[in-house]
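[1] Return a 3D structure for these sequence lines:
(one chain, ligands or ions: 2)
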Amino acid sequence: MGSVNRTPQVVTIAGSDSGGGAGMQADLKTFQARHVFGMNIVVALTAQNTYGVQASLPIPTYFIDAQFQSLDADFAIKAAKTGMLADSEHVEAVVRNLQQVDFGPLIVDPVMVAKGGATLLEPEAVATIKSKLLPLADVVTPNLPEAEIIVGRPIKTNADTIAAAQTIQQFGVKNVIIKGGHRSEDDQAADYILLEDGSSFWLSAPRIATANTHGTGDTFSACIAAELAKGQPLKSAIVTAKAFLQGAISQGIFVGHGHGPTNHWAKLSDKVRMSETR
Ligand SMILES: Nc1ncnc2c1ncn2[C@@H]1O[C@H](COP(=O)(O)OP(=O)(O)OP(=O)(O)O)[C@@H](O)[C@H]1O
Ligand SMILES: Cc1ncc(CO)c(N)n1
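    Ligands and ions are numbered 1, 2, ... in the order given. So this is what the prediction gives:
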């Protein structure tokens with residue numbers, strides 16, 4: 001047969017957002033925008049729009065196995081990311097499958113709660129993510145509330161953020177990114193990055209006053225996966241993802257009545273600044 005696996009290929013292992021702005025739809029749109037071939041393993045379905053999540057339905061785990069097997073039998077996947085994983089049983093199913101395949105670097109976005117407050121991960125599953133998924137991960141990308149839950153203490157200051165990243169790295173994940181999008185009192189959206197070699201830095205860009213931030217975290221981690229699949233080093237993949245997010249939030253589109261999606265057609269912003277750890 002004619003095809004060979006030369007085009008960079010990436011998979012998202014996540015939940016479906018019927019509203020198209022978050023979850024695996026945001027991931028696939030990001031993969032398309034960043035010129036990698038995107039695939040998906042569905043872990044859960046949601047009935048969702050820009051107002052919030054109206055219903056959700058985890059997929060039977062045997063069907064997660066089937067999707068992993070289909071992809072592993074054919075494609076040459078060069079990076080993978082996880083998003084909504086629903087509950088402990090589904091985290092375990094994903095872990096079991098990841099141990100049997102080589103899908104390249106793994107980015108774990110520890111999605112817990114949607115912006116409207118809906119639960120996307122049962123609280124009891126956080127322990128399973130910490131003990132079983134993080135040791136397999138190359139990068140983890142919690143937002144501030146997720147980082148607080150993972151470390152079990154409040155994060156108020158930059159020093160708290162730095163200490164939290166160090167604690168999270170001790171769970172076995174190589175690189176940690178704590179996203180600052182939720183610190184709405186700051187005029188910069190600043191993310192803290194702790195790399196495997198112990199070096200660290202802040203990435204910041206001007207905070208944009210907008211309600212259209214549905215799916216920002218998904219888009220960010222998907223962009224990192226896309227850039228890694230193309231062979232970019234991790235540090236530049238993270239900088240590209242920040243520039244893609246800044247563009248996707250600032251070059252807005254107008255969809256729905258609530259927290260609208262970001263613009264996956266956007267150009268990379270030149271407003272991202274890197275600074276030393278302080
Ligand atoms: N209003 C904003 N202006 C500029 N950058 C932002 C804004 N909100 C978030 N970001 C950036 O977007 C990226 C995603 O961070 P965020 O904290 O929003 O993720 P998240 O809470 O996981 O998103 P979601 O749960 O909706 O997927 C980070 O780089 C963050 O700094
Ligand atoms: C399915 C799904 N995954 C992730 C998020 C978080 O943005 C969401 N709202 N919905």
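[2] Now the residue in the stretch 101-250 of the chain that ligand 2 sits nearest to. Nearest residue, chain neighbours left out?
    Taking CB to the nearest ligand atom, ligand 2 has its nearest neighbour within the stretch 101-250 of the chain at Ala114, 3.8 Å off. Bear in mind the C-beta positions are built from the backbone N, C-alpha and C, glycine included. Sequence neighbours aside, Val53 is the residue nearest to Ala114 in space, at 5.2 Å (criterion: CB to CB, 6 or more residues apart in numbering).
[3] my guess is Val101 is in a helix, correct?
    No. Using DSSP: H, G, I helix; E, B strand; the rest coil, the assignment for Val101 is coil, not a helix.
[4] Ligand 2 contacts on the stretch 1-150 of the chain?
    14-17, 22-23, 46, 48, 83-84, 111, 114, 120 (CB under 6 Å from any ligand atom).
[5] in the stretch 151-278 of the chain, which spans are strands?
    175-178, 188-194, 200-206, 273-276 (DSSP state E, counting those that start in this stretch).
[6] rewinding a little: need the contact list for the residue of the stretch 101-250 of the chain closest to ligand 2.
    Ala22, Gln48, Gly52, Val53, Leu120 (CB atoms under 8 Å, 6 or more residues apart in numbering).
[7] Also within reach of ligand 1: list those from those residues.
    Ala22.
[8] mind putting the contacts of Ala114 in TSV, neighbour count included?
    Listed next are these as TSV, based on neighbours: other CB atoms under 10 Å:
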residue	neighbour count
Ala22	32
Gln48	26
Gly52	16
Val53	24
Leu120	22
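[9] between the contacts of Ala114, which is closest to ligand 1?
    Nearest to ligand 1 among the contacts of Ala114, with distances taken as CB to the nearest ligand atom, is Ala22, at 5.7 Å.
[10] With that, I have no additional questions.
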